[in-house]
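Engineer: Curious how this folds, go ahead:
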Amino acid sequence: QVQLVESGGGLVQAGASLRLSCAASGDTFGIRPMGWFRQAPGKGREFVAAISWSGGSTNYADSVKGRATISRDNVKHTVYLQMNSLKPEDTAAYYCAAGPRFDWPARNYDYFGQGTHVTVSS
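Structural biologist: Have a look, this model is predicted:
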């Protein structure tokens, strides 16, 4: 079982930066791929970024490529999403997720957090 708790969201102006964090419980964090997803009001959940369990590989959605960096600290059991040059269309609830053990690219995600809200004003 993995529990995920996101933090770091807030209200920012366009062009600003935010770093989202996701703290994970459980002893399998270091062997699971981790991902970030987001859901804007009235829209479905979309993939944002993912990182392999070792941290050596990453994937990004085209919409954030070049503006986002996903990273992880397997000692602290935490995954991060650094978002730069934020746009109003980045406004959404952001969720971190844990995938199956030793899986990469993750075929699915088994666990999701409760989310942290990001609002970008123009």
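Engineer: Report the beta-bridge partners for the residue nearest in space to the middle of the chain.
Structural biologist: Note on the chain: the residue nearest the mean C-alpha position is W36, at 2.5 Å, using CA atoms, centre = their mean. Applying DSSP bridges to W36 yields these beta-bridge partners: A49, C96.
Engineer: so it touches V48, yeah?
Structural biologist: Yes: with contact defined as CB atoms under 8 Å, W36 reaches V48; the gap is 4.3 Å. Where you see a C-beta, it was placed from the backbone N, CA and C, and this is true even at glycine.
Engineer: list residues touching both of these two?
Structural biologist: Common contacts of W36 and V48, defined by CB atoms under 8 Å, 6 or more residues apart in numbering, comprise L81, Y94.
Engineer: Model confidence for F47, exactly?
Structural biologist: pLDDT recorded at F47 is 97.
Engineer: Settle this for me: it is touching G35, isn't it.
Structural biologist: Yes: applying CB under 8 Å, one finds F47 in contact with G35, separated by 6.8 Å.
Engineer: And those two? Which one has more around it.
Structural biologist: G35 (24 against 17; other CB atoms under 10 Å).
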